[in-house]
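J.: Task: produce atomic coordinates for the following.
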Amino acid sequence: MCNQLSQLNIKFYRYPYSNIIAIKSSYVSSDVANLFGLVPDNHKNPKWQKIVIMEHVTIEKLTLLVDELEKSMAVVEVSYIIVPSTIVNFLSAIFASSLL
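T.: All right, here's what the predicted structure looks like:
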């Protein structure tokens, strides 16, 4: 699990003798955290989401979590594309007219 998080450049912490992996909250959407039952360090303003590795946590479930983290990172990367203001204005006009 730690190797896969490292490959995705996700910031995490794992104490060597613990069954908990803490991932920086900025890498985990609230939807993904809820879907996989991750435990926040603080319920009001989480800085870390914790994965607690126990007997009932399967490799398949961890693989699904990594897949979801990877998908959500791809969306974040795409959202940073620089777009000329003329295209932004055009798309804004189309979006605004679709709301009418």
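
J.: so where is the chain shaky, pLDDT-wise?
T.: 74-91, 94-100 (pLDDT under 70).

J.: for it, longest helix please?
T.: In the chain, with assignment by DSSP state H, the single longest helix is helix 59-78.

J.: name the helices or strands packed onto that helix?
T.: Packing partners of helix 59-78 (3 or more C-beta pairs under 8 Å, 6 or more residues apart in numbering; DSSP states H and E): helix 2-7, helix 30-35. All C-beta atoms are positioned from the backbone trio N, CA, C, and that covers glycine.

J.: got a list of what the nearest residue to residue 50 once chain neighbours are set aside touches?
T.: Nearest non-adjacent residue to residue 50, counting by C-beta to C-beta, 6 or more residues apart in numbering: residue 39, 4.4 Å away. Residues near residue 39 by C-beta atoms under 8 Å, 6 or more residues apart in numbering: 49, 50, 52.

J.: surely the last one meets residue 20?
T.: Think residue 52. Yes - Residue 52 is within contact range of residue 20, at 5.5 Å (criterion: C-beta atoms under 8 Å).

J.: circling back to that earlier point, buried ones in the longest helix of the chain?
T.: 62, 65, 66, 68, 69 (16 or more other C-beta atoms under 10 Å).

J.: Equivalent analysis for stretch 18-35, please.
T.: 21, 22, 23, 25, 27, 28, 29, 32, 33.

J.: chain center to it: distance?
T.: Relative to the chain's own centre, stretch 18-35 is displaced by 7 Å; criterion: C-alpha atoms, centre = their mean, to the nearest Å.

J.: what's that stretch in contact with?
T.: Here stretch 18-35 has contacts from 1-2, 5, 10-14, 38, 40-41, 46-54, 65, 68-69, 72-73, using C-beta under 8 Å, 6+ apart.

J.: Can I get that stretch in PDB, CA atoms only?
T.: Taking Å, rounded to 0.1, in the frame of the first residue of the first chain, the C-alpha atoms of stretch 18-35 are listed here in PDB:
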ATOM      1  CA  SER A  18       1.500   0.400  13.500                       C
ATOM      2  CA  ASN A  19      -1.400  -0.900  11.400                       C
ATOM      3  CA  ILE A  20      -2.400   2.700  10.500                       C
ATOM      4  CA  ILE A  21      -1.500   4.600   7.300                       C
ATOM      5  CA  ALA A  22      -2.300   8.300   7.500                       C
ATOM      6  CA  ILE A  23      -2.800  10.100   4.200                       C
ATOM      7  CA  LYS A  24      -2.900  13.900   3.900                       C
ATOM      8  CA  SER A  25      -6.500  15.000   3.500                       C
ATOM      9  CA  SER A  26      -5.700  17.100   0.500                       C
ATOM     10  CA  TYR A  27      -5.200  13.900  -1.500                       C
ATOM     11  CA  VAL A  28      -8.600  12.300  -0.400                       C
ATOM     12  CA  SER A  29     -12.000  13.600  -1.300                       C
ATOM     13  CA  SER A  30     -14.700  13.400   1.300                       C
ATOM     14  CA  ASP A  31     -16.600  11.000  -1.000                       C
ATOM     15  CA  VAL A  32     -13.700   8.600  -1.200                       C
ATOM     16  CA  ALA A  33     -13.100   8.900   2.600                       C
ATOM     17  CA  ASN A  34     -16.700   8.000   3.300                       C
ATOM     18  CA  LEU A  35     -16.900   5.300   0.700                       C
END
